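Asker: Sequence first, predicted model second:
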Amino acid sequence: MYFTGLPTETLCLIASYLPCQQDVYALARTNRRIYHALHDFLYEYNSRYYHGSALAFVAKHGNIGRIAQLLRGLKTAQTRSRTPPGPRWRSEVPSEQRWEEDSDEVEWDSDDEDMYSLTRDISSHPLKSARYSVADIVQIQKALLAAIEINNEEIVTLLIEWGAQANFYRGNLRDDNPGRIRRRHSRAKDPPPLYLAVRCGHAGLVKYLLEKGADPDRYRPSPLYRAVEDGQYNIIAMLLNHGAPLSYARVLKLAEDGDGMDGTIAYDHESSYCTIEEEASEGRGEEYGSGS
């Protein structure tokens, strides 16, 4: 029998002994029939040995079926060995230090106080207690950002329901020690989900994330500052209604200096109305820190 005529089960068995993802992909590209036979196996392999690194790519293309498949693969992988098969000289083990291409990635279990801003949301992540690896968690959160960028609420909802966190951020809290903010914030890899939704102008996702517990006053950079800077009145109202304080000097100055933004920004909050001008008189002495 020709190799290309082997049953799918046999092809998958052969692929399971290949030591790295590139080898599996090369086998899958042998011809159209083998590609279709190994397509699902490729995603299983990626989930098990590469921590679902394809999640963000698939999310950017809006393929919710593949997202669900990768997530199921990550869950199944918790009870299986995650070291690729084959001889060690050929293996590309995606260890906790190599899951990302960046060569200067921090040690996630480090007790270094200077690394705390990059690790705290990992340590408290609910998927961590469910025995997902650090790499699994970060790839799921990266997929959430990818889905936010393309304004795909269906994928965002799936990821949130699976355990992705609306407040996840590897960076500084607003109230972090100012003495370390600049040095530590420079290592932040991705924006907070809420900030990204504001930056992209996706009002529907901003509303959804706020309803799922996203805190507009938790992290740097400031979603409100960004919304004011971009003149997104509907998003400004949502953020204010969910607790974003309007009294930061940098936000007020931007609003007062901006074209058309120095007028009244009214929002309904417990049957009251606030204006930037009213808050400006009370908050001129306050500083926000690192701004947008």
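Answerer: Nice, I can see it.
Asker: H51 reaches Q139, doesn't it?
Answerer: Yes: contact criterion CB atoms under 8 Å: H51 and Q139 qualify, at 5.2 Å. Yep, even glycine has a C-beta here, placed from its N, CA and C like the rest.
Asker: Pull out the buried residues from stretch 11-18.
Answerer: 11-12, 15, 18 (16 or more other CB atoms under 10 Å).
Asker: For that stretch, the averaged confidence score.
Answerer: On average, the pLDDT along stretch 11-18 is 89.
Asker: helices or strands up against the helix ranked longest in the chain?
Answerer: Ranked by residue count, the top helix of the chain under DSSP state H comes out as helix 32-50. Judged by 3 or more CB pairs under 8 Å, 6 or more residues apart in numbering; DSSP states H and E, the packing partners of helix 32-50 are helix 8-15, helix 21-28, helix 64-77.
Asker: quick one, which of the ones you listed is nearest to V228?
Answerer: helix 64-77 (33.4 Å; CB to CB).
Asker: Flag every buried residue along the closest one.
Answerer: 64, 66-67, 69-71, 73-75, 77.
Asker: Same question for stretch 231-241.
Answerer: Buried residues in stretch 231-241, counting neighbours by 16+ other CB under 10 Å, are found at 232, 235-240.
Asker: I'd like to know the average pLDDT value across it.
Answerer: Rounded mean pLDDT across stretch 231-241 is 91.
Asker: picking up where we left off before, output the helices and strands packed on helix 32-50 as a markdown table; include the columns distance to Y169.
Answerer: Below are these laid out as a markdown table (distance: least, CB to CB, whole Å):
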| stretch | distance to Y169 |
| --- | --- |
| helix 8-15 | 37 |
| helix 21-28 | 29 |
| helix 64-77 | 21 |
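Asker: Would you tell me which of those gets closest to L42?
Answerer: Smallest distance to L42 across the helices and strands packed on helix 32-50 (CB to CB): 6.0 Å, for helix 21-28.
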